[in-house]
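**Student:** test case, fold it:
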Amino acid sequence: MNTLDYSLYLVTDSTHFKEDEFLLAIEIALQNGVTFIQLREKEATSRQFFQKAVSVKKLTDKYHVPLVINDRIDIALAIDAAGVHLGQSDLPLKEARKILGKDKLIGISAKTIEQALEAQKEGADYLGTGAMNPTSTKVVTHITQVATLKEICNSVKIPVVAIGGISLENISNLKKTHIKGIAVVSAILSQPDIKTATQKLAQAAKAIIEH
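**Tutor:** Okay, here's the model as predicted:
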């Protein structure tokens, strides 16, 4: 049974940070309510990604929070991360499972009920669904309706995490959708006060998640 806490799921973006500033931001977030981290590095070389993953895993281990790696199964294995998060254009889940083994987490991005049911059937541990709102981290954003999110949650037995432009201002839109968490980037990492932003989001997330 998947009993992990997905309530405040941080997807990283180190673009505007120096290395030490980035790690400090992650640590502050971990200290103040982040329950799950996905390391996403779109521009890094493999070596840079690996080195950053090693540093971030030291922090997630310290705070006993799972770390998954976006896309890169090789990096996840190299640092013994909790698992990976895969998009629809990444390696198929079945093949990823063969490489990672049965004990690692595999999260899948699913925008439709069909994708969600397929991911569950193939053995995904959780789903990331969105974008719920326009987002600054991706140039092209295809919005997922709240009704679709709710249908996905009601169609699968695995945890669903909502993602995409979620903030304190719009999180209440996700009430009664049966999500198990919210995934955010800029709502934490772009804030001038990361500590307070994380605390408020953690509180708001727990309030809308139906246990």
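
**Student:** alpha carbons only for contacts and neighbour counts from here, please
**Tutor:** Will do.

**Student:** ok, residue 67 - contacts?
**Tutor:** For residue 67, the residues meeting the contact criterion (CA atoms under 8 Å, 6 or more residues apart in numbering) are 36-39, 57, 60, 81-83.

**Student:** list the beta-bridge partners for it.
**Tutor:** On DSSP bridges, the residues paired with residue 67 through beta bridges are residue 37.

**Student:** what's the pLDDT at it?
**Tutor:** At residue 67 the predicted local distance difference test score is 98.

**Student:** and it, how close does it get to residue 39?
**Tutor:** Residue 67 sits 7 Å away from residue 39, going by CA to CA, to the nearest Å.

**Student:** where are the low-confidence patches of the protein?
**Tutor:** Low-confidence regions of the chain, defined here as pLDDT under 70, cover residues 1, 137-141, 210-211.

**Student:** now the strands for the chain?
**Tutor:** Ranges of strands within the chain are 8-11, 36-39, 67-70, 83-86, 105-109, 126-129, 160-163, 181-184, based on DSSP state E.

**Student:** out of those strands, which is closest to residue 196?
**Tutor:** Nearest of those to residue 196, taken as CA to CA: strand 8-11 at 13.9 Å.

**Student:** who touches that closest one?
**Tutor:** 33-40, 161, 181-185, 188, 201-202, 205.

**Student:** please, where are all the helices along the chain?
**Tutor:** The residue ranges that make up the helices of the chain, judged by DSSP state H, are 19-31, 46-62, 73-79, 93-100, 113-122, 146-155, 186-189, 194-208.

**Student:** who are the contact partners of residue 78?
**Tutor:** Shown in contact with residue 78 (CA under 8 Å, 6+ apart): residue 50.

**Student:** how does it look with 10 Å?
**Tutor:** Under the criterion of CA atoms under 10 Å, 6 or more residues apart in numbering, the contact partners of residue 78 comprise 50, 53-54.

**Student:** with residue 43 instead?
**Tutor:** Residue 43 sits next to 14-15, 49 when contact means CA under 10 Å, 6+ apart.

**Student:** which non-adjacent residue is nearest residue 205?
**Tutor:** Distances taken as CA to CA, 6 or more residues apart in numbering place residue 7 nearest to residue 205, at 6.0 Å, with adjacent residues excluded.

**Student:** how many other residues sit next to that neighbour?
**Tutor:** Applying the criterion other CA atoms under 10 Å, we find 27 residues in the vicinity of residue 7.

**Student:** now it: how far from residue 114?
**Tutor:** Computed as CA to CA, the residue 7 to residue 114 distance reads 24 Å.

**Student:** and if you look at residue 154?
**Tutor:** Relative to residue 114, residue 154 is positioned 13 Å away (CA to CA).

**Student:** who's more crowded, the two?
**Tutor:** Summary of the neighbour comparison: residue 154 and residue 114, criterion other CA under 10 Å, with residue 154 having more neighbours (15 against 12).
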